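Student: no sequence for this one, just the structure:
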């Protein structure tokens with residue numbers, strides 16, 4: 001029965017992931033069909049990302065309190081209906097930017113509920129003793145979708161139009177919600193906490209008293225700002241203004257995705273026994289693509305560095321999921337994930353906004369190199385914490401003990 005639920009979960013995730021990556025391309029061109037202004041597209045994207053960050057903590061509480069499958073289904077239905085509304089407005093030619101901003105904000109709130117719930121659901125469904133393999137399969141599904149789904153979105157935009165492509169994305173959300181109806185979990189026991197505020201405090205108490213957890217999340221507040229600014233923002237600009245070119249940048253991004261997929265396949269066979277030690281070393285390796293961009297425009301060097309970087313960050317991703325799922329009590333896992341996501345994501349807009357002016361003032365390549373060196377240094381500094389470098393995989397007995405000693409409500 002557990003394996004059957006696991007299969008239905010993966011079917012839903014496959015549809016959801018393909019729709020997400022495809023829908024990002026479709027939505028961008030749908031917005032540009034309404035207004036060719038880059039600032040309009042930025043406003044629509046920000047209208048989604050800001051509510052997602054603001055409501056992450058509430059989403060984690062709701063998932064732990066009312067059940068993760070229910071919250072995921074409700075958020076998928078909400079996201080599907082908002083995308084269908086966007087599609088209807090664009091296809092009929094009556095869309096205005098404020099319509100798209102408002103609907104994107106609703107989708108952002110739905111995403112805030114969806115992400116912590118999804119993160120906490122997989123450990124409930126994974127076959128016994130196969131948590132690493134389950135996480136690897138989840139990552140492999142995401143990485144393969146990342147390789148081909150954006151291209152599918154582009155084909156749909158060209159073939160049937162941006163509005164209809166957004167409609168296809170809306171349908172994928174509804175299909176994913178329907179597939180999750182087959183994932184039956186035991187009824188959620190009544191909460192021992194009297195209020196959601198108290199449950200939020202329980203999650204915060206666990207977060208701030210668990211050293212490995214807050215150390216890595218604090219580090220990622222800086223790391224994500226460096227990556228979003230140094231690589232994602234300045235990287236394309238540097239490629240366009242140099243001999244790398246747009247085609248070369250596409251190869252670099254594709255090489256990174258190939259590194260992700262290859263590493264996922266390796267860890268289907270190899271056991272990751274030191275999740276945070278190897279994970280943070282993998283983060284340091286991820287900096288190689290920024291360092292390479294800062295030093296050379298030789299395309300073959302950049303492609304190799306991107307492949308290695310993709311492999312490194314995938315090791316961290318797997319290690320982090322295992323650390324969270326094996327060492328955080330199941331009854332507060334979504335809440336703790338929401339604190340993790342909030343701390344990790346909050347600085348991304350700052351990096352995106354800051355690195356543009358810095359690159360203009362001090363040089364694109366120089367700032368990319370600086371971002372890469374800082375990324376590697378911060379990654380390695382986390383290993384000064386014994387709780388980070390010393391963590392080993394938890395046994396089932398360890399998990400039972402952790403749940404029994406930390407699940408009581410905070411006083």
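Tutor: All right, it came through fine. The structure displayed is predicted, hence computed values, not measured ones. Residues are numbered from 1 along each chain as shown.

Student: just the local confidence number for residue 175, please.
Tutor: Residue 175 is assigned 88 on the pLDDT scale.

Student: what's the helix or strand where it lies in contact with?
Tutor: Here residue 175, judged by DSSP states H and E, is contained in helix 162-179. With contact meaning C-beta atoms under 8 Å, 6 or more residues apart in numbering, helix 162-179 is reached by 8, 11-13, 15-16, 18-20, 22-23, 25-27, 29-30, 32-33, 72-73, 76-77, 79-84, 86-91, 153, 156-157. Backbone N, C-alpha and C define where each C-beta goes, glycine included.

Student: which ones among these lie within strands?
Tutor: Here DSSP state E is the test, and those give no hits in strands at all.

Student: list buried residues within those residues.
Tutor: 8, 11-13, 15-16, 18-20, 22-23, 25-27, 29-30, 33, 72-73, 76-77, 79-84, 86-87, 89-91, 153, 156-157 (16 or more other C-beta atoms under 10 Å).

Student: show me what contacts residue 133?
Tutor: Going by C-beta under 8 Å, 6+ apart, residue 133 touches 126, 268.

Student: for it, what is the enclosing helix or strand?
Tutor: helix 131-160.

Student: repeat for residue 315
Tutor: Element membership for residue 315, per DSSP H and E: helix 299-327.

Student: show me which residues of that helix are buried.
Tutor: Buried positions in helix 299-327, judged by neighbour count with 16+ other C-beta under 10 Å: 299, 302-327.

Student: and that helix with helix 131-160, angle?
Tutor: On the basis of axes from the mean of the first three to the mean of the last three C-alpha atoms, to 10 degrees, helix 299-327 is oriented at 130 degrees to helix 131-160.

Student: what about helix 299-327, average pLDDT?
Tutor: Average pLDDT, helix 299-327: 93.

Student: swap in stretch 388-401?
Tutor: 70.

Student: what do you get for stretch 239-254?
Tutor: 81.

Student: and it, how far from the chain's centre?
Tutor: How far stretch 239-254 lies from its chain's middle: 24 Å, per C-alpha atoms, centre = their mean, to the nearest Å.

Student: how about that stretch: buried residues?
Tutor: Within stretch 239-254, judged by 16+ other C-beta under 10 Å, the buried ones are 239, 244, 248, 249, 251, 252, 253, 254.

Student: repeat that for stretch 357-368.
Tutor: Judged by neighbour count using 16+ other C-beta under 10 Å, the buried positions of stretch 357-368 are 358, 359, 364, 365, 367, 368.

Student: the stretch 301-411 of the chain: helices as residue ranges?
Tutor: Remark: helices assigned in the stretch 301-411 of the chain by DSSP state H, counting those that start in this stretch are 333-345, 348-362, 364-381, 386-389, 396-406.

Student: among those, show me which one is buried the most.
Tutor: Greatest average neighbour count among those goes to helix 333-345 (a mean of 24), per mean count of other C-beta atoms under 10 Å.

Student: list the contacts of that one.
Tutor: Counting contacts by C-beta under 8 Å, 6+ apart, the residues outside helix 333-345 that touch it are 52-53, 56-57, 59-61, 63-64, 68, 115-117, 119-120, 123, 199-200, 202-204, 206-207, 213-214, 217-218, 220-221, 224, 324-325, 328.

Student: how far does stretch 324-332 stretch from one end to the other?
Tutor: Counting by C-alpha to C-alpha, to the nearest Å, you get 11 Å between the two ends of stretch 324-332.

Student: how far off centre is it?
Tutor: Between the centre of stretch 324-332 and the centre of its chain there are 19 Å (C-alpha atoms, centre = their mean).

Student: got the angle for the helix holding residue 133 vs helix 162-179?
Tutor: With the same axes, to 10 degrees applied, the angle from helix 131-160 to helix 162-179 works out at 150 degrees.

Student: I'd like the mean pLDDT over stretch 142-153, please.
Tutor: Mean pLDDT, stretch 142-153: 75.

Student: that should have said stretch 273-280, apologies.
Tutor: Stretch 273-280 comes out at a mean pLDDT of 94.

Student: now residue 27: how far from residue 50?
Tutor: With distances taken as C-beta to C-beta, to the nearest Å, residue 27 is found 16 Å from residue 50.

Student: and what of residue 228?
Tutor: Distance, residue 228 to residue 50, using C-beta to C-beta: 15 Å.

Student: which one of the two has more residues nearby?
Tutor: residue 228 (22 against 14; other C-beta atoms under 10 Å).

Student: ok, now how distant is the closest residue to that one other than its chain neighbours from residue 222?
Tutor: Leaving aside its chain neighbours, residue 228 sits nearest to residue 351 (4.2 Å; criterion: C-beta to C-beta, 6 or more residues apart in numbering). Per C-beta to C-beta, residue 351 is found 9 Å from residue 222.

Student: run the chain-centre distance for stretch 333-353.
Tutor: That offset, for stretch 333-353, works out to 10 Å (C-alpha atoms, centre = their mean).

Student: could you pull up the mean pLDDT of that stretch?
Tutor: Here stretch 333-353 scores 81 as its mean pLDDT.

Student: kindly report the same for stretch 179-193.
Tutor: Stretch 179-193 comes out at a mean pLDDT of 66.

Student: dump the residue contacts of residue 319.
Tutor: Per C-beta under 8 Å, 6+ apart, neighbours of residue 319: 272, 274, 275, 276, 278, 279, 282.

Student: the closest residue to it other than its chain neighbours: helix or strand, and which one exactly?
Tutor: Excluding the flanking residues, the one nearest residue 319 by C-beta to C-beta, 6+ apart is residue 279, at 3.0 Å. In the assignment (DSSP H and E), residue 279 maps to helix 275-286.

Student: mind listing what's buried in the next helix or strand after that helix?
Tutor: Later in the chain than helix 275-286, the nearest helix or strand by DSSP H and E is helix 288-295. Across helix 288-295, burial judged by 16+ other C-beta under 10 Å covers 288, 289, 290, 291, 292, 293, 294.

Student: now the fourth one: closest residue in space, sequence neighbours ignored.
Tutor: By that I understand residue 291. Distance criterion C-beta to C-beta, 6+ apart; nearest residue to residue 291, sequence neighbours excluded, is residue 372 at 3.9 Å.
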